[in-house]
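*Asks:* Got a sequence here, can you build the structure:
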Amino acid sequence: DEDTFVTTETFDICLRATAAWIRTIDSALHRSNDSRAAMALTRPPGHHATYETANGFCLFNFAAAAAIHAMESNPELKISIFDWDVHYGQGVAMILQNYARARYVSIHQSPAFPYLGGKLAVTGNHSNVLTVPIIADTTWSSGYREKFERDVLPFIISDDWRPDIVLICAGYDALDSDELASVGLVASDYGEMIRMLRSHLRINGSGDIPIALGLEGGYQLSDFAGGGNLADAVTATLRALVDR
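*Replies:* The predicted model follows:
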């Protein structure tokens, strides 16, 4: 479509991006040092792509591919996928709803593309998909943190669900400076989310649960962006990951 197009290089690029996400999740799972985390910096994004449909700039669903790879590599592994891209990753939800050992939770602006996930609800064939919509102009202190703490974190890990790894669909278009949506996060908020997630995992899990991330959306590149640009948000994320 007019937003999601291909060139002669696209197929090879998407294969390389898929490989990067898979290598990232393997690296996070198998590292033996304190920093059991890794991040794939790839483009295009992938979380809107379904089994049959490319849309929303997405062609291959890298998150679903990486999650399925992890589950096929270990028949007992459980994985939680957290999507903080400002748009609902309906492709990940549609694919992973069929996998009992996967959970997917998305916090996203609604209404906004893809115009799904407009209600706070648990769905999926295994009750393993949670949609957490937020309204336009939501900031970290005016609703985002509350929903993250109250709804997202308990779905990622709980008394009856203990994942072996957390995979984050790390889109950065919820930045206040990003023109593709209307949520008001700043770069440092992503670092705070990582710190809160790690604390929640340590309190409710057994030891450090590895975290893998892959780049989804996020399009603000200006050095003068108020609240930070894409690079600032990625840097804040990585600093929080290595900050012990």
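
*Asks:* Nearest spatial neighbour of the residue nearest the centre of the chain, chain-adjacent residues omitted?
*Replies:* Centroid-nearest residue in the chain: Cys169, 1.8 Å away (criterion: Cα atoms, centre = their mean). Among residues not flanking Cys169 along the chain, Asp83 sits closest, at 3.8 Å (Cβ to Cβ, 6 or more residues apart in numbering). C-beta coordinates here come from the backbone N, C-alpha and C atoms, glycine included.

*Asks:* any idea how far the nearest residue to Asp208 once chain neighbours are set aside lies from Ala212?
*Replies:* The spatially closest residue to Asp208, leaving aside those adjacent along the chain, is Arg36, at 5.5 Å (Cβ to Cβ, 6+ apart). In this structure, Arg36 and Ala212 are 9 Å apart, going by Cβ to Cβ, to the nearest Å.

*Asks:* For the two, indicate the residue with more neighbours.
*Replies:* Ala212 (29 against 19; other Cβ atoms under 10 Å).

*Asks:* helix, strand or coil for that one?
*Replies:* strand (DSSP: H, G, I helix; E, B strand; the rest coil).

*Asks:* Alpha carbons of the helix ranked longest in the chain, in PDB - could you do that?
*Replies:* As assigned by DSSP state H, the longest helix anywhere in the chain is helix 10-30. Output of helix 10-30 as PDB, limited to C-alpha atoms (Å, rounded to 0.1, in the frame of the first residue of the first chain):
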ATOM      1  CA  THR A  10      13.600  -5.400   0.900                       C
ATOM      2  CA  PHE A  11      13.500  -9.200   1.100                       C
ATOM      3  CA  ASP A  12      17.200  -9.500   2.000                       C
ATOM      4  CA  ILE A  13      16.900  -6.700   4.500                       C
ATOM      5  CA  CYS A  14      13.900  -8.400   6.200                       C
ATOM      6  CA  LEU A  15      15.800 -11.700   6.400                       C
ATOM      7  CA  ARG A  16      18.700  -9.900   8.000                       C
ATOM      8  CA  ALA A  17      16.400  -8.100  10.500                       C
ATOM      9  CA  THR A  18      14.700 -11.400  11.400                       C
ATOM     10  CA  ALA A  19      18.200 -13.000  12.000                       C
ATOM     11  CA  ALA A  20      19.100 -10.000  14.200                       C
ATOM     12  CA  TRP A  21      16.000 -10.400  16.400                       C
ATOM     13  CA  ILE A  22      16.600 -14.100  16.700                       C
ATOM     14  CA  ARG A  23      20.300 -13.600  17.600                       C
ATOM     15  CA  THR A  24      19.200 -11.000  20.100                       C
ATOM     16  CA  ILE A  25      16.800 -13.300  21.900                       C
ATOM     17  CA  ASP A  26      19.400 -16.100  21.900                       C
ATOM     18  CA  SER A  27      22.000 -13.700  23.300                       C
ATOM     19  CA  ALA A  28      19.800 -12.500  26.100                       C
ATOM     20  CA  LEU A  29      18.900 -16.100  27.100                       C
ATOM     21  CA  HIS A  30      22.400 -17.600  27.000                       C
END
